[in-house]
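Peer 1: Fold the stuff below for me.
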Amino acid sequence: MIEPLREVLTGRVVTPEDPDWESVRTAWNLTVDQRPLAVVEAAGPSDVEHTVTFAAAHGLKVAAQAGGHGATRSLDQTIVLRTNALDDIWVDSHARIARVGAGVRWGALQTALDGTGLTGLLGSTGDVSVVGYCTNGGLSWFSRPYGSGAASLRAAEIVDASGSRRWIDDSTEPDLMWALRGGGGNFAVVTSVEVELFLAPEITGGRLMFPIDQAEAVLTAYKQATESAAGQVTLWAYLTHFPDAPFMPEPIRGQSFCMIDGATPFDPAALEAALAPIRAAGTAVVDSVGPQTPGSIAEVTQEPVEPTSFTIETVTFDELTPELIGVLLKYAGQPSLIFQVQLRHLRASQEVGHPGVAAADPAAKYALSALAILPAPELEQPARQALLALKDAVAPWHAGDLIPSMLGADGTLQDVFSEGDLARLREIKQQVDPHGLLVGNYPLA
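Peer 2: Here you go, the predicted structure:
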């Protein structure tokens, strides 16, 4: 069925009969055993057009995927479009706009911005694609002053369900742009985007690492710091247990830490003021806070870029009470199946740049993500149970919805959007893709 597609593409079609099928079909999260019908490694936008047209003619489904972040089993039996080769970057620093292809990762865009005094709204890692991040919400180091990744999306080049390629923006397709800003790949295959850039004349950031036995005092100081920090300052906190494994660097191998990451795009003194009570709460064994470039800020969290097996649960809340800190320490203050708990300090303002279903960050003040690394398949079920036990324990403090980019592999759009927003998304889906050709990581029910 797929063979005729090979004849019209410049790129490559990979099927289960090919020797490298297992590596090509793999998602970034290795616990998501996605089994597409085929994978198209697109060489350019025309390959995307041909693939969508072919799928429409043969009653198949198409799902776009760059590096495989955020993958779920919803892409089974689809044609997965790998867009890594769409890697053009164009920056207009005067207009504060960047235009990037669907394969461009945040690390590459941010490096291109070095020396411009500008930044994009990247998240915790430079390995995620700009398109995937912005079309699924996107919480940034700089969301507190500047908003979400979705709200920075100005325009998009899309291939629609008929196989036609065109640029759209709020003046030409306001409803579709609204849906793309958080609705993921359910409405079009995005081949390129224009995003807003923001002033970042003096980026400062880095990490403080404290021994885990100082965690209660450090998290208490973190609570105080986040309650009074200036609007351009972002603070994230972690309880992390590094495995005693050969691949871990010796200074942290088998060790546990309470860590604080901080960043600001301007006014380093404001970040230092926020960090002062945290520094005073313990004895930092690592203090890397200092000047950063747009490119280097993507490395602060030191998140892995190689595919790995993990499972995650995320919730939001409004107040980091002493009781909640106690619960976190009880469930994640010592080595266990929970590798890391992360607290993200959310927006200072709910102002939105460009309207979209996920353009506004969560209304809550904090997001908590609990992560379990799974070196062996038999650990998945007990790790899931450990994460769900923590989620149940913090339920009394739960405070509202998430955005899609914070969902785990088992999440759904029903977990993040209101019934009114879901109804509008379904109406737009019916208008632009009535036959359900296009599939996102989190499809519309």
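Peer 1: So the most centrally placed residue in the chain: helix, strand or coil?
Peer 2: Residue closest to the mean C-alpha point of the chain, counted by C-alpha atoms, centre = their mean, is S405 at 4.7 Å. Taking DSSP: H, G, I helix; E, B strand; the rest coil as the rule, one finds S405 in the helix state.
Peer 1: is it true that it touches L121?
Peer 2: No - look at S405 against L121 with C-beta atoms under 8 Å: they stay out of range, at 11.6 Å. C-beta here means a position set from N, CA and C on the backbone, and glycine is covered the same way.
Peer 1: any shared contact partners between these two?
Peer 2: Counting by C-beta atoms under 8 Å, 6 or more residues apart in numbering, the residues touching both S405 and L121 are G138, G149.
Peer 1: Show me where the stretch 51-200 of the chain has its strands.
Peer 2: 62-65, 79-82, 89-92, 97-101, 118-119, 153-159, 165-169, 189-196, 198-199 (DSSP state E, counting those that start in this stretch).
Peer 1: picking that back up, give me the local confidence score for the residue nearest to the centre of the chain.
Peer 2: Looking at S405, its pLDDT stands at 88.
Peer 1: which residues touch it?
Peer 2: Contacts of S405 (C-beta under 8 Å, 6+ apart): G70, G123, Y133, N136, G137, G138, L139, G149, A358.
Peer 1: Pull up the gap between T240 and L320, please.
Peer 2: Counting by C-beta to C-beta, to the nearest Å, the gap from T240 to L320 is 18 Å.
Peer 1: coming back round to it: point out the least confident member of the contacts of S405, please.
Peer 2: G70 (83).
Peer 1: How about it: what's its closest non-neighbour residue?
Peer 2: N441 (4.8 Å; C-beta to C-beta, 6 or more residues apart in numbering).
Peer 1: And the one you found, how far from S228?
Peer 2: Counting by C-beta to C-beta, the gap from N441 to S228 is 37 Å.
Peer 1: who's more crowded, these two?
Peer 2: The residue with more neighbours, out of N441 and S228, is N441; 30 against 10, by other C-beta atoms under 10 Å.
Peer 1: does that one count as helix, strand or coil?
Peer 2: Under three-state DSSP, N441 comes out as coil.
Peer 1: ok, it touching S74?
Peer 2: Yes - with contact defined as C-beta under 8 Å, N441 reaches S74; the gap is 6.3 Å.
Peer 1: which residues do those two both contact?
Peer 2: A63.
Peer 1: list the contacts for L374?
Peer 2: L374 touches T31, S309, F310, T311, E380, A383, counting by C-beta under 8 Å, 6+ apart.
Peer 1: got those as TSV, with secondary structure, neighbour count and pLDDT columns?
Peer 2: Listed next are the contacts of L374 as TSV, based on DSSP: H, G, I helix; E, B strand; the rest coil; neighbours: other C-beta atoms under 10 Å; pLDDT from 0 to 100:
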residue	secondary structure	neighbour count	pLDDT
T31	coil	18	92
S309	coil	17	92
F310	strand	22	93
T311	strand	24	94
E380	helix	16	93
A383	helix	23	96
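Peer 1: returning to that earlier point: buried only: go through the contacts of S405 for me.
Peer 2: G70, G123, Y133, N136, G137, G138, L139, G149, A358 (16 or more other C-beta atoms under 10 Å).
Peer 1: any idea how far the last one is from V48?
Peer 2: Going back to what we said before, that points to A358. The value you get for A358 to V48, if C-beta to C-beta is used, is 24 Å.
Peer 1: quick one on the thing from earlier: distance to G182 added to the contacts of S405, as CSV?
Peer 2: As requested, those are exported to CSV (distance: C-beta to C-beta, whole Å):
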residue, distance to G182
G70, 13
G123, 14
Y133, 11
N136, 7
G137, 5
G138, 9
L139, 12
G149, 10
A358, 2
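Peer 1: nearest to A263, of these?
Peer 2: G123 (11.5 Å; C-beta to C-beta).
Peer 1: ok, now which ones touch that closest one?
Peer 2: W106, Y133, G138, L139, S140, W141, G149, S405.
Peer 1: Quickly note the distance from it to A367.
Peer 2: Counting by C-beta to C-beta, the gap from G123 to A367 is 12 Å.
Peer 1: intersection of neighbour lists for the two?
Peer 2: With C-beta under 8 Å, 6+ apart as the test, G123 and A367 both reach L139.
Peer 1: if we can go back for a sec, can you say which of the strands of the stretch 51-200 of the chain is packed in most?
Peer 2: Highest mean neighbour count of the strands of the stretch 51-200 of the chain: strand 62-65, a mean of 28 (counted as mean count of other C-beta atoms under 10 Å).
Peer 1: Quick one: mean pLDDT for it?
Peer 2: 95.
Peer 1: Which residues does that strand contact?
Peer 2: By C-beta under 8 Å, 6+ apart, strand 62-65 touches 27, 36, 48, 51-52, 55, 71, 74-75, 78-83, 102, 132, 185, 189-190, 437-441.
Peer 1: P211 and V286: what is the separation?
Peer 2: For P211, the distance to V286 - C-beta to C-beta - is 11 Å.
Peer 1: hang on, the earlier thing: let's have the contacts of L374 in a markdown table, adding distance to A66.
Peer 2: What follows is the contacts of L374, written out as a markdown table (distance: C-beta to C-beta, whole Å):
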| residue | distance to A66 |
| --- | --- |
| T31 | 19 |
| S309 | 20 |
| F310 | 19 |
| T311 | 22 |
| E380 | 25 |
| A383 | 27 |
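Peer 1: Among those residues, which one sits closest to H94?
Peer 2: Of the contacts of L374, the one sitting nearest to H94 (C-beta to C-beta) turns out to be F310, at 41.4 Å.
Peer 1: tell me the contacts of that closest one?
Peer 2: N29, T31, F339, L371, A372, I373, L374.
Peer 1: Mind giving me the PyMOL select for these, buried ones only?
Peer 2: Only the buried entries of the contacts of F310 go into this PyMOL selection, using 16+ other C-beta under 10 Å:
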select buried, resi 29+31+339+371+372+373+374
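Peer 1: CSV please, covering the strands of the stretch 51-200 of the chain and showing distance to L422.
Peer 2: As requested, the strands of the stretch 51-200 of the chain are arranged in CSV below (distance: least, C-beta to C-beta, whole Å):
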stretch, distance to L422
strand 62-65, 20
strand 79-82, 25
strand 89-92, 34
strand 97-101, 29
strand 118-119, 33
strand 153-159, 20
strand 165-169, 22
strand 189-196, 21
strand 198-199, 30
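Peer 1: Could you point out which of these sits nearest L329?
Peer 2: It's strand 118-119; of those, that one is closest to L329 (C-beta to C-beta) at 34.3 Å.
Peer 1: Can you list the helices and strands that that closest one packs against?
Peer 2: Applying 3 or more C-beta pairs under 8 Å, 6 or more residues apart in numbering; DSSP states H and E, we find strand 118-119 packed against strand 198-199.
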